[in-house]
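Colleague: When you get a sec, could you give me coordinates for this:
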Amino acid sequence: MWSVTDQRHNIAQKKNFFLLTNVPYQMGWKRVTWTFLEAGHGKGPADGIGAAVKRRADDLIARGKDIPDARVLLEELKQQKSATEVFYIEPDAIEAMDVHVPSELQTIRGKMKIHQINSHSPSQMSWRIPSCFCSAPNDCNCFTPETVRFQPWDEATPTTSTLPVTSQDQGLQPILDLHEGLIGQWCAVVYDGDVYPGIIQDVELYSGAQVKTMTGIGINRFYWPLRDDVIWYQPMDIIGLIPEPVPLTKRHKEIKTEVWKEICKIWP
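Modeller: Predicted structure coming up:
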């Protein structure tokens, strides 16, 4: 199986490396190669696919279609003729995978510089900074690849720190420490004195949390911008985890009233 992606800051996580070295083998694959391209240059296939889907979404919105969530976008895209195949992954399917991930995983040094990962046996992978295909389909030792071994799938013992943190039915929750279990969770952040809800995309010990935020339009009224607003926030600018904002209209949402009141006590 050969996967080509970009934007390592979103997907180069220890959890994904663990899943990469286990799940494909359960599906019958014999070897796995994961190649990372540089994001933003607009020339690679990963950028091309993302741009094509985005253009189609922009066209739908320009013609008056409401796209409130991924499922609606998927159904609209399926009605159009395209060589790009898109899929919708249910949240339950993601959670079912998460329960297999152990709480402690091998740290990968310099993961933001990695351009190629190869795996030929479960729970094991090699990686290197520049990619090389001089001996494909076999591996080569160019650029000194390093090897890492993870805990076998059947022996993984997840703990509560591994399971997704959820604030869906709770109020404002302070974040005591940054860890990968926060990725995908809703939070409230402060930018230039204003509060915005968003989804945590990545966490780093020294960089804080990378959050994709909604845009504000009035008091406690937000919507998703056409261009993703994704930046890094220091811990001091992250108010805490919040439940997913509730719909006001097809496009606009608000933070639950009781949670908003809690936030206003901290950031009046």
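
Colleague: For the protein, which segments count as strands?
Modeller: Secondary structure of the chain by DSSP state E: the strands cover 2-5, 32-36, 116-121, 124-128, 146-149, 186-191, 194-204, 208-213, 215-216, 222-223, 229-233, 238-241, 246-247, 253-254.

Colleague: Make a markdown table from these and add mean neighbour count to it.
Modeller: From N, CA and C alone the C-beta is placed, and that goes for glycine too. As requested, the strands of the chain are exported to a markdown table (neighbours: other CB atoms under 10 Å):
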| stretch | mean neighbour count |
| --- | --- |
| strand 2-5 | 14 |
| strand 32-36 | 21 |
| strand 116-121 | 19 |
| strand 124-128 | 19 |
| strand 146-149 | 14 |
| strand 186-191 | 20 |
| strand 194-204 | 20 |
| strand 208-213 | 21 |
| strand 215-216 | 14 |
| strand 222-223 | 20 |
| strand 229-233 | 16 |
| strand 238-241 | 21 |
| strand 246-247 | 12 |
| strand 253-254 | 18 |
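
Colleague: Can you tell me which of those is nearest to Leu178?
Modeller: Nearest to Leu178 among the strands of the chain is strand 194-204 (4.4 Å), distances taken as CB to CB.

Colleague: nearest to Gln173, of the strands of the chain?
Modeller: Among the strands of the chain, strand 238-241 comes nearest to Gln173, with 4.2 Å by CB to CB.

Colleague: one step back: by mean pLDDT, show me the worst of the strands of the chain.
Modeller: With a mean of 81, strand 2-5 has the lowest mean pLDDT of the strands of the chain.

Colleague: and that one, which strands flank it?
Modeller: strand 32-36 (parallel) (DSSP bridges).

Colleague: Would you mind extracting the C-alpha trace of the partner strand into PDB?
Modeller: Only the C-alpha atoms of strand 32-36 are listed here, as PDB (Å, rounded to 0.1, in the frame of the first residue of the first chain):
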ATOM      1  CA  VAL A  32       3.300  -0.100   3.500                       C
ATOM      2  CA  THR A  33       5.000   3.000   2.100                       C
ATOM      3  CA  TRP A  34       4.000   6.500   3.300                       C
ATOM      4  CA  THR A  35       5.500   9.400   1.400                       C
ATOM      5  CA  PHE A  36       5.100  13.000   2.700                       C
END
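
Colleague: Please enumerate residues in contact with that strand?
Modeller: 1-6, 8, 12, 20-21, 24, 114-119, 125, 131 (CB atoms under 8 Å, 6 or more residues apart in numbering).

Colleague: contacting residues for Arg56?
Modeller: Counting by CB under 8 Å, 6+ apart, Arg56 touches Leu77, Gln80, Ser82.

Colleague: Selecting buried members of the residues you listed in PyMOL, what would you type?
Modeller: Burial among these is assessed by 16 or more other CB atoms under 10 Å; the matching PyMOL selection reads:
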select buried, resi 77
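
Colleague: Hmm, which of the contacts of Arg56 is lowest in pLDDT?
Modeller: Least confident entry in those, by pLDDT: Ser82, with 74.

Colleague: so where's the protein shaky on pLDDT?
Modeller: The chain contains residues with pLDDT under 70 at 6-12, 38-48, 103, 106-107, 109-111, 154-169, 205-206, 268.

Colleague: circling back to that earlier point, quick one: the strands of the chain as JSON lines, columns for distance to Met97 too.
Modeller: Below are the strands of the chain laid out as JSON lines (distance: least, CB to CB, whole Å):
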{"stretch": "strand 2-5", "distance to Met97": "16"}
{"stretch": "strand 32-36", "distance to Met97": "16"}
{"stretch": "strand 116-121", "distance to Met97": "17"}
{"stretch": "strand 124-128", "distance to Met97": "17"}
{"stretch": "strand 146-149", "distance to Met97": "20"}
{"stretch": "strand 186-191", "distance to Met97": "20"}
{"stretch": "strand 194-204", "distance to Met97": "18"}
{"stretch": "strand 208-213", "distance to Met97": "21"}
{"stretch": "strand 215-216", "distance to Met97": "31"}
{"stretch": "strand 222-223", "distance to Met97": "30"}
{"stretch": "strand 229-233", "distance to Met97": "24"}
{"stretch": "strand 238-241", "distance to Met97": "21"}
{"stretch": "strand 246-247", "distance to Met97": "27"}
{"stretch": "strand 253-254", "distance to Met97": "27"}
